[in-house]
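Visitor: here you go, sequence then predicted model.
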There are 2 protein chains.
Amino acid sequence: MPSFTEENYLKAIYHLSASGSQAVLTNEIAEVMHTKAASVTDMIKKLSAKNFISYEKYYGVKITKQGKSEALMVIRKHRLWETFLVEKLRFNWDEVHEIAEQLEHIQSAVLIQKLDEFLGFPTTDPHGEPIPDKHGKIAVPLRQPLHGLAAGYSGTIEAVHDSDSNLLKYLNRIGAVPGKTIKLLGKEEYDESLEVEVDGKRLTISKTVAENILVTA
Amino acid sequence: MPSFTEENYLKAIYHLSASGSQAVLTNEIAEVMHTKAASVTDMIKKLSAKNFISYEKYYGVKITKQGKSEALMVIRKHRLWETFLVEKLRFNWDEVHEIAEQLEHIQSAVLIQKLDEFLGFPTTDPHGEPIPDKHGKIAVPLRQPLHGLAAGYSGTIEAVHDSDSNLLKYLNRIGAVPGKTIKLLGKEEYDESLEVEVDGKRLTISKTVAENILVTA
DNA sequence: ATTATTTTTTAGACTAGCCTAAATTTTTAT
DNA sequence: ATAAAAATTTAGGCTAGTCTAAAAAATAAT
């Protein structure tokens, strides 16, 4: 059974593997884990010995089937708990990430099964991210950052990145939540900010924000 | 903020303080923590430095106001989560202890407040134990082990000790659950087993079991 | 193609929490 | 009252996870 720390590393490596199909680099892991490269090297050796990743010195890391399965279970737990917190305990969507970071490490298969059932087997979490099923199967969402849409086109908001509370508060305020239609009216060349329409209202959003809004065309 | 381990030690010391009004001994702590006396001495020093306990070498340990408050918050969380698991997730009462041992360490005051509200501000957990309120106030239950009742008298079951799954399964089977009336028909001198009546049925229970059933006269 | 820079790994050290073995203090028994 | 036994503490060592500083390898630049 992996430790809390091992689970967090696996999650990070899984996410880094998803974006960018190359091997994952030590410094990339160090960055997202807010730790130093030397610490990452140590952990890499441990995870490698447990066959969660394959590792070649100075080259990088690839996640194994077993490692992916482990990571997906942690992600499943995280997203189910987030759903619980919002749907049942009436948390706002910007308040749940930190708490779910703790809850995702609770060890009990039957707990997660019962929680899933209690929630009515949800398929997405409050930020629109797909919830892996009990076999670790996850729907591959077809979507792109709002920024990638061509001017004049509309999209449906599928998901938003969940870890920044301030971003989520802002998105909530402007009504940019999953399910909503958003129209890209135009791009400003200078700073790549976007002119958009949500809920019949026109507004300008920065490039940074646009990159965190995921839409389907 | 105390670590998981520190919280577990504090809980143990709190419980040991409650029974027996003396100072708590190193070996007593070692026993309930399933650890060695040397390890306990180390931890005692740490908890003492943080003013959760007062400590005199070779004499023993007393819990401070601050330590008691900390322990009561962990107990509050444990009992609220147990209530959640049984009431909402439909766990049996003998399956929740281990999971609550993990959940009790989740750090978020607002989570516990919202959980409490979600559960309708329960005052006792599924085993009949009182749940401390958000200020750490706990109802002092008036009760005694069934074993202490005089022959011929009846009592209402208030609570049962929660940590042994097999005991709980057995108590459930014979109907000895909180709220029920139990009558002590007689004691067997030889092995101190008890003849009792629950649900109109007569049965014999061992001394060990009787000690774990807490009744009010 | 050789030097400079960046990335990664190794070496050595630290804290938390645990252990065993030995020393010390307290308690019990004679 | 002193010896024996039990309880407790100290000393030293272990693993997990982290760090800094230095060494080694890979990449980029001249």
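Guide: The structure has been received and is ready for your questions. It should be emphasised that the depicted structure is a prediction, and the values quoted were computed from it without experimental measurement.
Visitor: the helix or strand containing A:Leu85: how far from the chain's middle?
Guide: Under the criterion DSSP states H and E, the helix or strand holding A:Leu85 is helix A:65-87. Using C-alpha atoms, centre = their mean, to the nearest Å, we find the averaged C-alpha position of helix A:65-87 to lie 10 Å away from the chain's own average C-alpha position.
Visitor: give the buried residues for that helix.
Guide: For helix A:65-87, burial by neighbour count (16 or more other C-beta atoms under 10 Å in any protein chain shown) applies to A:67-86. In this view, the C-beta of every residue, glycine as well, is placed from N, C-alpha and C.
Visitor: got the CA positions of it in PDB?
Guide: Extracted as PDB, the C-alpha positions of helix A:65-87 are listed here (Å, rounded to 0.1, in the frame of the first residue of the first chain):
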ATOM      1  CA  LYS A  65       0.000   0.200 -15.900                       C
ATOM      2  CA  GLN A  66       0.100  -0.400 -12.200                       C
ATOM      3  CA  GLY A  67       1.100   3.100 -11.400                       C
ATOM      4  CA  LYS A  68      -1.600   4.500 -13.600                       C
ATOM      5  CA  SER A  69      -4.200   2.300 -11.900                       C
ATOM      6  CA  GLU A  70      -3.000   3.500  -8.500                       C
ATOM      7  CA  ALA A  71      -3.100   7.200  -9.500                       C
ATOM      8  CA  LEU A  72      -6.600   6.800 -11.000                       C
ATOM      9  CA  MET A  73      -7.900   5.400  -7.800                       C
ATOM     10  CA  VAL A  74      -6.600   8.400  -5.900                       C
ATOM     11  CA  ILE A  75      -8.100  10.700  -8.500                       C
ATOM     12  CA  ARG A  76     -11.400   8.800  -8.200                       C
ATOM     13  CA  LYS A  77     -11.400   9.300  -4.500                       C
ATOM     14  CA  HIS A  78     -10.500  13.000  -4.800                       C
ATOM     15  CA  ARG A  79     -13.300  13.700  -7.300                       C
ATOM     16  CA  LEU A  80     -15.900  11.700  -5.400                       C
ATOM     17  CA  TRP A  81     -15.100  13.500  -2.200                       C
ATOM     18  CA  GLU A  82     -15.300  16.900  -4.000                       C
ATOM     19  CA  THR A  83     -18.700  15.900  -5.300                       C
ATOM     20  CA  PHE A  84     -19.800  15.000  -1.800                       C
ATOM     21  CA  LEU A  85     -18.600  18.200  -0.300                       C
ATOM     22  CA  VAL A  86     -20.400  20.300  -2.900                       C
ATOM     23  CA  GLU A  87     -23.600  18.300  -3.300                       C
END
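Visitor: tell me the contacts of A:Glu101?
Guide: For A:Glu101, the contacting residues are A:His78, taking C-beta atoms under 8 Å, 6 or more residues apart in numbering or on different chains as the criterion.
Visitor: please confirm that it is located within a strand.
Guide: No. Inclusion of A:Glu101 in a strand is not indicated when DSSP: H, G, I helix; E, B strand; the rest coil is applied; the result is helix.
Visitor: and it, how close does it get to A:Asn8?
Guide: 8 Å (C-beta to C-beta, to the nearest Å).
Visitor: and A:His34, by the same measure?
Guide: Relative to A:Asn8, A:His34 is positioned 10 Å away (C-beta to C-beta).
Visitor: got it, and A:Asp164?
Guide: Using C-beta to C-beta, we find A:Asp164 at a distance of 18 Å from A:Asn8.
Visitor: now A:Ala139: phi and psi?
Guide: phi -70, psi 130 (degrees, to the nearest 10).
Visitor: partners of the residue lying closest to it once chain neighbours are set aside in the sheet?
Guide: Using C-beta to C-beta, 6 or more residues apart in numbering or on different chains and skipping residues adjacent in sequence, the residue nearest A:Ala139 is A:Pro130, 4.4 Å away. When assigned by DSSP bridges, A:Pro130 has beta-bridge partners A:Thr124.
Visitor: report the contact partners of A:Ser39.
Guide: A:30, A:33.
Visitor: so which bits of chain A are right by DNA strand C?
Guide: Taking C-beta under 7 Å from any atom of the strand as the measure of proximity, chain A contacts DNA strand C at A:25-28, A:37-38, A:40-42, A:44-45, A:55, A:57-58, A:60.
Visitor: among those, which are in strands?
Guide: Assigned to strands by DSSP state E, the following of the residues of chain A next to DNA strand C qualify: A:55, A:60.
Visitor: any idea which of the residues of chain A next to DNA strand C is closest to A:Gly120?
Guide: Proximity of the residues of chain A next to DNA strand C to A:Gly120 was ranked by C-beta to C-beta; the top entry is A:Glu28 with 36.9 Å.
Visitor: you'd agree the closest one is up against A:His15?
Guide: No. Counting by C-beta atoms under 8 Å, A:Glu28 stays clear of A:His15, with 10.2 Å between them.
Visitor: more neighbours: those two, which one.
Guide: For A:Glu28 versus A:His15, neighbours defined as other C-beta atoms under 10 Å in any protein chain shown are more numerous around A:Glu28 (19 against 13).
Visitor: okay, now the closest residue in space to the more buried one that isn't next to it in sequence: neighbour count?
Guide: Setting aside the residues directly before and after it, A:Glu28 is nearest to A:Leu16 in space (C-beta to C-beta, 6+ apart), at 5.5 Å. Residues contacting A:Leu16 under the criterion other C-beta under 10 Å number 20.
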